[in-house]
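# Prediction below, plus the sequence it came from.
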Amino acid sequence: MRNRLLIGTTLALMVGWLLPVLTNVAAQAPASPAYRAPRTPDGKPNLNGIWQTMNTANWNIEAHPAGPSPARELGAAGAVPAGLGVVDGGEIPYLPAARKKQQENYANRLKLDPEIKCYLPGVPRATYQGMPFQIIQSTKHIMLIHEFAGAVRTIYMTDQTEAPADSWMGWSNGRWEGETLVVDTKGFNDLSWLDRAGNFHSDALHVVERFTPRSPETITYDVTIEDPKVFSRPWKMSMPLYKHVERNAQILEFRCVEFVEDLLYGHLRKQPAK
Amino acid sequence: MRHRTRSFMRGGAVALVLALAATISIAGQTQSAAPAASPKAAPASAAAGKAYKAPRTPDGQPDLQGFWTNSTYVPLERPNGVTKEFYTPDEAEAAIKVAAEREAEQTEPGTTADVHYDFSQFGLDRSQSKFAMNLRTSLIVDPADGKMPPVNAQGQKRAQERAAARKTAGGQYDAVENMPIGSRCIIMGGAGPPLMNAGYNANYQIVQSPGYVMILTEMIHDVRIIPLDNRPQPPSQVRQWVGLSRGRWEGDTLVVETTNFNGKNGFRGASENVKVTERFTRTADDTISYKFTVEDPTTWDRSWTADAPLVKTGGPIFEFACHETNYGIANILAGARADEKKAAEQKKGSN
């Protein structure tokens, strides 16, 4: 009797652990485990290229219905498309107070979302913000160059150090695990968000990203998020990255500071004399 | 004095600079081998041996990768009264000393500059960082007199129109758009092209992958990705602050041509029609010869060329988040509005 209970509990636990994994597998088209990426001249899987996500994660990484534009004037052009979410298991395991803060963030998103102010997007939001980014892969440094705000990350493959100070984009050290580029990033400030829905993190954020080529023009992008100040346990998200195959594809300038100055400083403009 | 004015413009956002101080110091500290105004430490590119063969990247490109600086005491234009192209090492040392002393003056306690920020700290003063030693009396090598060519009639007309437009737009502190581009964290002087010594934080990182060269400028994390596949220039409607660059290898020299500028930050009065051609050649393990030619028939009747070598420096480069903590803009504008309010009340009171 006791044994049966134990087995039952164990099974339930196992299902609990496996469920997110299964959900993840379901969400992603199955990658051929046998896929071996073309190599760079120094023999590493070649991730060079211009990549972009094709999902609604920047609106909300959790599942969400379609909704109106947060800025009335934009009408349907600014409305939120529905999305099935990219979080393993469906829901972010917030600590109770943190979930409340996320809801407050959401309610005040027009005032608070750092994206609206053209601030550096943080990690992993930069990856799925919706604009392309280019990977420039060399032996010592792998650069991720994002179109949005010209955000840039250096992934140190050889000369690895601890983060010298907190920053928006964090401090990234990378390593190869077979076909997968594993990027370990710490040293974040607590100012960036995870999406437009107010999902957030603290300065204790630790992000591990796994870039696994799954075909010549797609990469499986898996992320583990750890932040004991905000979440009750580590959690994962997963999505494919798609390669730009246009021959003239290139990252263009999106120097957005200029676009937000009136929004940020317009109230301090000199008014004509009355 | 000129440097002080420029520094003020660039760093107009006082709080910004203070907030960035920690950032800057990291770059400064890594350059521990920095010569304190000694011309001996960094090599002159001209002297580097002809026989030098640059190392290769795994795909066979000459390897320009690493962390570099173009910090220098050599002015773009030859100083008045100097007629020769090169100083002797002693003369160069004397010129550097004068320039370094001028920078040091800016930290004199009780002066306006000292309120701005302390140049003796955080690597803001060039003498604290590695700099590219160069015996040249000017970075400009063509025209031979080391001076910019005169601005032609078209260029002068444009300069007058720009000045008139500025006047119409009101005072510098009336609105954010009237403030200098650097203070607004849109772009800093060093980003280029051409890469120009930015006074401080003049650090770059070059990374190469098959078909691309990437140059990261520390100041406002400005990245230029240069494709090497002979693709055509984009349509003329696509214009950028830093233009659009196309590169190719000519032997061991990386030649980069940039057009499609938006003209809003015209280098030395240039228009959107400017074309910049840069030549990068690794001439020693710790030196890249960097020459650039600027052409803009709507500004100058002839092209001009400068020689501004890059020397290897310590990495890594830390994030330069400028706009994100640019409290200075809001504070400067709010201060100007408060002054106006006070003046209006005083006027009312005296009536």
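Thanks, I have the structure now. Numbering: from 1, shown residues only, chains lettered A, B, ... in the order given.
# Could you give the residue of the stretch 101-250 of chain A that lies closest to chain B?
Of the stretch 101-250 of chain A, the residue with the smallest distance to chain B, taken as C-beta to the nearest C-beta, is residue A:167 at 4.1 Å. Every C-beta, even on glycine, is put in place using the N, C-alpha and C of the backbone.
# Could you pull up the residues touching that residue?
Residue A:167 is in contact with A:187, A:188, A:189, B:318, B:319, B:321, counting by C-beta atoms under 8 Å, 6 or more residues apart in numbering or on different chains.
# Recalculate using a threshold of 6 Å.
If you count contacts by C-beta atoms under 6 Å, 6 or more residues apart in numbering or on different chains, residue A:167 has them with residue B:319.
# what about it, distance to residue B:326?
From residue A:167 over to residue B:326 the distance is 16 Å, taken as C-beta to C-beta, to the nearest Å.
# Over to residue A:242?
Separation of residue A:242 from residue B:326 (C-beta to C-beta): 35 Å.
# Among those two, which residue is more densely surrounded?
The neighbour comparison of residue A:242 against residue B:326 (other C-beta atoms under 10 Å in any protein chain shown) goes to residue B:326, with 24 against 16.
# Phi and psi next, for that one.
Residue B:326 has phi and psi values of phi -80, psi 60 when expressed as degrees, to the nearest 10.
# likewise the one 5 residues further on?
Summarising the backbone geometry of residue B:331 under the convention degrees, to the nearest 10, its torsions are phi -70, psi -40.
# Where does the stretch 1-150 of chain B get nearest to chain A, residue-wise?
With C-beta to the nearest C-beta as the measure, residue B:58 is the residue of the stretch 1-150 of chain B nearest to chain A, at 3.6 Å.
# Tell me where chain A has helices.
For chain A, applying DSSP state H gives helices covering A:2-27, A:96-107, A:109-112, A:125-128, A:257-265.
# Okay, domains of chain A per the record?
Structurally, chain A divides into domains by automatic domain parsing as follows: A:1-29, A:39-268.
# Least reliable of those by average pLDDT, please.
Ranked by mean pLDDT, the domains of chain A bottom out at domain A:1-29, which scores a mean of 46.
# Which positions in chain B make contact with chain A?
Among all residues of chain B, those adjacent to chain A (criterion: C-beta under 6 Å from any C-beta of the partner chain) are B:22, B:26, B:58-59, B:174-176, B:185-186, B:207-209, B:212, B:214, B:221, B:223, B:225, B:240-241, B:319, B:321, B:323-324, B:329, B:333-334.
# All the strands of the chain, in order from the start?
Because you didn't say which chain, this covers chain A. A:49-52, A:133-137, A:141-146, A:152-156, A:171-177, A:180-186, A:206-215, A:218-226, A:235-243 (DSSP state E).
# I was after chain B.
With DSSP E applied, chain B shows strands at B:66-69, B:140-142, B:203-209, B:212-217, B:222-227, B:244-250, B:253-259, B:275-284, B:287-295, B:304-307, B:310-312, listed in chain order.
# could you dump the third one to PDB, C-alpha only?
Taking Å, rounded to 0.1, in the frame of the first residue of the first chain, the C-alpha atoms of strand B:203-209 are listed here in PDB:
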ATOM      1  CA  ASN B 203      38.000  52.400 -28.500                       C
ATOM      2  CA  TYR B 204      36.900  50.000 -31.200                       C
ATOM      3  CA  GLN B 205      36.400  46.300 -31.600                       C
ATOM      4  CA  ILE B 206      36.800  44.600 -34.900                       C
ATOM      5  CA  VAL B 207      35.300  41.100 -35.500                       C
ATOM      6  CA  GLN B 208      35.400  39.300 -38.900                       C
ATOM      7  CA  SER B 209      33.400  36.400 -40.200                       C
END
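# anything in stretch A:249-262 near chain B?
Yes: under the criterion of C-beta under 6 Å from any C-beta, chain B is reached by stretch A:249-262 at A:251, A:253, A:255, A:257, A:258, A:261.
# So what's the residue count around the nearest residue to the third one once chain neighbours are set aside?
By that I understand residue A:255. Spatially, and ignoring its direct neighbours in sequence, residue A:255 is nearest to residue B:241 (5.8 Å; C-beta to C-beta, 6 or more residues apart in numbering or on different chains). The local packing count at residue B:241 equals 17, with neighbours defined by other C-beta under 10 Å.
# I'd guessed residue B:241 sits against residue B:188; true?
No: in this structure residue B:241 lies outside contact range of residue B:188 using C-beta atoms under 6 Å: 10.9 Å.
# how much space between residue B:294 and residue B:269?
Remark: distance between residue B:294 and residue B:269 (C-beta to C-beta) = 11 Å.
# out of those two, which sits in the more crowded spot?
Between residue B:294 and residue B:269, counting by other C-beta under 10 Å, residue B:294 is the more crowded of the two (23 against 16).
# For the more buried one, give me its contacts.
Residues in contact with residue B:294, defined by C-beta under 6 Å, 6+ apart, are B:276, B:304.
# Okay, and the beta partners of it?
Beta bridges link residue B:294 to residue B:276, residue B:304 when assigned by DSSP bridges.
# Quick check: it vs residue B:266, distance?
11 Å.
# Residue A:168 now?
For residue A:168, the distance to residue B:266 (C-beta to C-beta) stands at 30 Å.
# Residue B:259 now?
Note on residue B:259: its distance to residue B:266, by C-beta to C-beta, is 13 Å.
# what residues does the stretch 51-200 of chain A put near chain B?
Within the stretch 51-200 of chain A, the positions lying close to chain B (C-beta under 6 Å from any C-beta) are A:119-120, A:136-138, A:141, A:143, A:145, A:150, A:152, A:164-165, A:167-169.
# switch the cut-off to 8 Å
Residues of the stretch 51-200 of chain A found near chain B, taking C-beta under 8 Å from any C-beta of the partner chain as the criterion, are A:114, A:118-120, A:134, A:136-141, A:143, A:145, A:150-152, A:154, A:156, A:159, A:161, A:164-165, A:167-169, A:191.
# Which stretches in the stretch 101-250 of chain B count as helices?
Assigned helices in the stretch 101-250 of chain B, in chain order: B:112-116, B:153-169 (criterion: DSSP state H, counting those that start in this stretch).
# Isn't residue A:230 up against residue A:94?
Yes: at 6.7 Å, residue A:230 and residue A:94 qualify as touching, with contact defined as C-beta atoms under 8 Å.
# more neighbours, these two?
It is residue A:230, of residue A:230 and residue A:94, that has more neighbours when counted by other C-beta under 10 Å, with 23 against 18.
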